[in-house]
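> next come a sequence and a model predicted from it.
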Amino acid sequence: MKTENALRNPSRKHGCILPVPDSDLRTGLTVADLKQSFLDTLFCSLGRVPSAATPHDLYTALALAVRDRVLKQGVQTLETYHERDARVVAYLSAEYLPGPQLANNLLNLGIWEQTRQAVAELGCDLDFLRQQEEEPGLGNGGLGRLASCYMDSLASLEMPAVGYGLRYEFGIFDQTLRDGWQVESTDKWLRFGNPWENVRPELTYEVKLGGHTETWTDERGRYRVRWVPVRVVQGVAYDTPILGYRVNNCNRMRLWKAEAVESFDFAAFNHGDYYQAVHDKMFSESITKVLYPNDEMIQGKNLRLEQQFFLVTCSLQDMLRVHRLLGRPLEKFHEKWAVQLNDTHPSLAVAELMRLLVDEHGLDWETAWHVTRHTFSYTNHTLLPEALEKWPVSLFGALLPRHLEIVYEINRRFLDDVRARFPGDDARVARLSLIDESGERYVRMAHLATVGSHHVNGVARLHSDLLKQTVLRDFAGLWPEKFCNVTNGVTPRRFLAVANPPLARLITRRIGDGWIKNLDELRKLEPLAGDAGFRKDWREVKLAAKRRLAACIAQNTGVTVDPATLFDIQAKRIHEYKRQHLNALHILTLYLRLKREPQADMPARTFIFAGKAAPGYFMAKLIIKFINAIAAVVNHDPAVRGRLKVAFFPDFSVKNAQRIYPSADLSEQISTAGKEASGTGNMKFALNGALTIGTLDGANVEIREEVGPENFFLFGLTAEEVLKRQTRGYRPREFYEQNAALREALDFIASGGLANGDANLFQPFVDNLLWSDPFLVLADYQAYVAGQEQVSARWRDSEAWTRQSILTVARMGRFSSDRAIREYAEHIWRVQPLPVANPSTKPKAVKRAQPAAPVK
């Protein structure tokens, strides 16, 4: 280590001078540096020689070498944030889906090609090493992926932030198909360890559960409450660096793991009770053992509530620790921290911050409530009543007795204000109450989040409007200034630059690489839509992507698909409101038509599905079976060979999504209008050049406005029309009786035509559509078929289709997560960018930043 570097860049801790390591030794960015770092890590960290190393050893060595370079920027970032006393965004989310980290970090560091050359000179292939990476399945779908997009954008926009979540040992299940049915197996993403994380055993926090409360009077004569728990566990921090794109800022995602306070009971062991000796360890670690347990049983509900409380208390205690280390008064906590509640899962944070401030730190109620309401903002992600969490009061009180008291007190004071504003309006009071007393008593978590936050936002313009008109209507009437919209966005780094390098290179060759940082620059592609040579290059890139996906489908399913056909793809969580069964009914309609009219003029199509169904959701799992039953019939019928193909690509994940999005010609965004909050898959498909067929639901509305109505295949009822039809009495069987093609398809299903003559297999599915059809599949069927005929007609003109594909990509700038984060920062968080100086340069003296103004 060079002495001059050590003297010039000291880091002081506990009175010691800790020199910053020489950057050339472990963090250089040249090919030679990367090769040496890779070999040093393989030998010294893993104890392997190349000839004996497994593919995963080689991947881990490369990941650790890259991590050194990322962490260098992480250390500098933390020092800068502390020196400047920056206002910080704390993003609380029960889910994250960060995806594979290696490629993203190579892109953000700007060393992709250097790394490719370095490993190639050592006899390795970078793409092969990338495939060895296990991705953390810490979420169910869009919610977790959105959180990870936002973490990427926060770092890339140089905004101080930390993402708090849970380190589930077993993430979302691995999905396989057996006889067409979904089969779930354990996601063992940690079986080889996680090279990107750093455990912080010194950062542990006590988590109380159960028990009772006691009241007492302190030395100043104040009424106080003490929580006496029946059980205590501890949360341990695991940090993953989140690097920004071509900036020096590196934020962190801090995930909490549950551990026992004492992992081994020697007294029990010495008495021969060997199970009891490790009981506390097993019982405590169950909190973060698995992502979202099945909560149909009371044990599952209890564990899920434990997870949510565990997340918020560890995170808030961590923020309070940092706040006090900085010497800031707790009365100004909200000036330092902008805490975003990502859906209702972390809404317990409102009651927990009140408990910490009042019970643990002695603030009076009014001061603590002022701090709390000015700390939190809440993002609502759903209009489905069943997704707005409610907890039985009996369960809530048994697990969190002090919090139930706090919720009751918040509710009492809040409803007193409501009664003062609306005297005699008991119905309004009941609707606004944090406690649902219409039957069994429940705590309404969305209500708690709304009352305890300074802003509430929806995630698409339509969703935000419907939020104010439906599930939170009374709150919007009470506090109209509190409600706003921030339409979701996706990161172009992950979902174009990393997912689709050939398209990214084509774009960059023609307009430069500024679009990676500023997606609005894609507008420069518009004139190129008229360039025949560029259109040819565009088609070649798309065809190559389809060939890659076709190879993956063949390898994973045994189904051979033709890349020259129209790739019609629906990839998202399986749910009735997302209407994968509407898509499947259309496929069956085409099949039956071709059987009747073999000479029918329709272009060849490949229908591809991907997505997971919740393990306890029977109808969603039956839809997967239904799709695969259609595939079994269609794919083995010589009469439609070369004209129709159906494939279900199992185990949808971020890694698999990066194969699917670049390959789509047509994106299916066909949810029932008014049910999808926003959607982000719609953005990812369009960003990769797919045209969209969809309803006016979620962000589809805004995507259609941006890309142009002529580049979007619109069909179906509007949200207002859906509501009217349901209000006046929806009779789906009438559509069955009036539409011959629909009747033929449903009769074919009911006859057992998809189940080797078993008429019972899909009877629940048919009965649901004919007598209930809660998501208006039959009402939208004919409009959807007509929209698909427009798709077929457009596909026949390849030049016109390519032109529309280019224009779609060119007009997707608004749907960058960077734009969304700027809107949050300006209108909700009041957070400013804080660039971090290059670690290799000597930092200049800087003025201490002025504290941010309180959020009004």
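Received, thanks.
> where does the prediction get shaky in the protein?
1-25, 263-280, 293-298, 386, 839-856 (pLDDT under 70).
> what's the single longest helix in this structure?
Counting residues, the longest helix found in the chain (DSSP state H) is helix 55-84.
> for that one, list every residue counted as buried.
Using 16 or more other C-beta atoms under 10 Å as the burial criterion, the residues of helix 55-84 that qualify are 56-74, 76-77, 79-81. C-beta here means a position set from N, CA and C on the backbone, and glycine is covered the same way.
> kindly report the same for stretch 118-129.
Buried, per 16+ other C-beta under 10 Å, within stretch 118-129: Ala118, Val119, Cys124, Leu126, Leu129.
> now these in TSV, with distance to Arg605?
As requested, the buried residues of stretch 118-129 are exported to TSV (distance: C-beta to C-beta, whole Å):
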residue	distance to Arg605
Ala118	43
Val119	40
Cys124	39
Leu126	35
Leu129	36
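> now, which of these lie within helices?
Members of the buried residues of stretch 118-129 lying in helices (criterion: DSSP H): Ala118, Val119, Leu126, Leu129.
> that older thread, any idea which helix or strand comes after the longest helix of the chain?
strand 88-92 (DSSP states H and E).
> would you map the strands across the stretch 401-550 of the chain?
With DSSP state E, counting those that start in this stretch, the ranges of strands along the stretch 401-550 of the chain come out as 435-436, 442-444, 455-458, 483-485.
> so for Leu157, which of the ones you listed sits nearest?
strand 455-458 (18.1 Å; C-beta to C-beta).
> direction included, what does the closest one pair against?
strand 376-379 (parallel), strand 483-485 (parallel) (DSSP bridges).
> hmm, who's touching the last one?
Looking back up the chat, that one is strand 483-485. Outside strand 483-485, the residues that touch it by C-beta atoms under 8 Å, 6 or more residues apart in numbering are 455-461, 463-465, 467-468, 472, 475-476, 827-828.
> would you write a ChimeraX line that selects the buried entries of these?
To isolate the buried members of the contacts of strand 483-485 in ChimeraX, using 16+ other C-beta under 10 Å:
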select :455,456,457,458,459,460,461,463,464,467,468,472,475,476,828
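> of the contacts of strand 483-485, which belong to helices?
Arg461, His463, Ser464, Asp465, Leu467, Lys468, Phe475, Ala476.
> which pair in those residues spans the largest distance?
Maximum distance among the ones in helices among the contacts of strand 483-485 (C-beta to C-beta): 18.7 Å, for Arg461 and Phe475.
> ok, His403 to Glu409 distance?
For His403, the distance to Glu409 equals 11 Å [C-beta to C-beta, to the nearest Å].
> who has more neighbours out of the two?
His403 (23 against 15; other C-beta atoms under 10 Å).
> pretty sure Asp537 contacts Leu506?
Yes - with contacts counted by C-beta atoms under 8 Å, Asp537 reaches Leu506, the gap being 5.7 Å.
> which of the strands paired with strand 455-458 sits most buried?
strand 376-379 (a mean of 26; mean count of other C-beta atoms under 10 Å).
> quick check: angle from the longest helix of the chain to strand 88-92?
Helix 55-84 and strand 88-92 are oriented at 140 degrees to each other (axes from the mean of the first three to the mean of the last three C-alpha atoms, to 10 degrees).
> and helix 55-84, what does it pack onto?
Counting contacts by 3 or more C-beta pairs under 8 Å, 6 or more residues apart in numbering; DSSP states H and E, helix 55-84 packs against helix 23-26, helix 31-40, helix 102-109, helix 112-121, helix 126-130, strand 231-243, strand 250-260.
> could you dump those into a markdown table with distance to Ser148 added?
What follows is these, written out as a markdown table (distance: least, C-beta to C-beta, whole Å):
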| stretch | distance to Ser148 |
| --- | --- |
| helix 23-26 | 27 |
| helix 31-40 | 26 |
| helix 102-109 | 10 |
| helix 112-121 | 20 |
| helix 126-130 | 18 |
| strand 231-243 | 9 |
| strand 250-260 | 8 |
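> would you mind telling me which of those is nearest Val49?
Taking those one by one with C-beta to C-beta, helix 31-40 is closest: 9.7 Å.
> ok now that closest one, how far from the chain's centre?
Distance of helix 31-40 from its chain centroid, counting by C-alpha atoms, centre = their mean, to the nearest Å, is 34 Å.
> contacts for that helix?
24, 26-28, 50, 61-62, 65, 68, 111, 114-115, 117-119, 121-122.
> one more pass at 7 Å, please.
Residues outside helix 31-40 that contact it (C-beta atoms under 7 Å, 6 or more residues apart in numbering): 24, 26, 61-62, 65, 68, 111, 114-115, 117-119, 121-122.
> quick one: which of those is nearest to Asn198?
Nearest member of these to Asn198, counting by C-beta to C-beta, is Asp68, at 11.6 Å.
> separation between the closest residue to that closest one other than its chain neighbours and Asp436?
Nearest non-adjacent residue to Asp68, counting by C-beta to C-beta, 6 or more residues apart in numbering: Arg26, 4.8 Å away. Counting by C-beta to C-beta, the gap from Arg26 to Asp436 is 57 Å.
> and Pro774, by the same measure?
Distance from Pro774 to Asp436, by C-beta to C-beta: 22 Å.
> what's the answer for Leu754, then?
Distance of Leu754 to Asp436, computed by C-beta to C-beta: 42 Å.
> number of nearby residues for Gln131?
Neighbour tally, Gln131, other C-beta under 10 Å: 12.
> if you could redo that for Thr217, that was the one I meant.
That count, for Thr217 with other C-beta under 10 Å as the rule, works out to 9.
> could you do Arg178 as well?
Neighbours of Arg178 (other C-beta under 10 Å): 7.
> ok, what's across the strand from Leu714?
Going by DSSP bridges, Leu714 forms beta bridges with Gly694.
> next, count neighbours for it.
Neighbours around Leu714, by other C-beta under 10 Å: 16.
> which residues does it contact?
So Leu714 contacts Gly694, Leu696, Arg704 (C-beta under 7 Å, 6+ apart).
> change it to 10 Å
Taking C-beta atoms under 10 Å, 6 or more residues apart in numbering as the criterion, Leu714 is in contact with Thr692, Ile693, Gly694, Thr695, Leu696, Asn700, Val701, Arg704, Ala783, Gly787, Gln790.
> next: Cys314.
164, 166, 203-207, 234-237, 254-258, 352 are the contacts of Cys314 under C-beta under 10 Å, 6+ apart.
> and the gap between it and Asp773?
Here Cys314 is placed at a distance of 44 Å from Asp773 (C-beta to C-beta).
> before we move on, the earlier item: turn the contacts of Leu714 into a markdown table, columns for secondary structure.
Formatted as a markdown table, these follow (DSSP: H, G, I helix; E, B strand; the rest coil):
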| residue | secondary structure |
| --- | --- |
| Thr692 | strand |
| Ile693 | strand |
| Gly694 | strand |
| Thr695 | coil |
| Leu696 | coil |
| Asn700 | helix |
| Val701 | helix |
| Arg704 | helix |
| Ala783 | helix |
| Gly787 | helix |
| Gln790 | helix |
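> just the element for Thr176, please.
Counting by DSSP H and E, Thr176 is found in strand 174-178.
> which strands and helices sit next to that strand?
Under the contact definition 3 or more C-beta pairs under 10 Å, 6 or more residues apart in numbering; DSSP states H and E, strand 174-178 sits against strand 181-185, helix 532-557, helix 618-634.
> try it again with 8 Å
strand 181-185.
> what's the angle from the helix or strand just after the strand it packs on to strand 250-260?
Where DSSP H and E defines the elements, the next helix or strand beyond strand 181-185 is strand 198-209. Relative orientation of strand 198-209 versus strand 250-260 (the same axes, to 10 degrees): 50 degrees.
> list the buried residues of strand 198-209.
With the criterion 16+ other C-beta under 10 Å, strand 198-209 contains buried residues Leu203, Thr204, Tyr205, Val207, Lys208, Leu209.
> now do it: which elements does it pack against?
strand 231-243, helix 298-325.
> output the contacting helices and strands for the next helix or strand after it.
Using DSSP H and E, the helix or strand that follows strand 198-209 in sequence is strand 212-217. Secondary-structure packing of strand 212-217 (3+ C-beta pairs under 8 Å, 6+ apart): strand 223-228, helix 401-421.
> I am finished for the moment; much appreciated.
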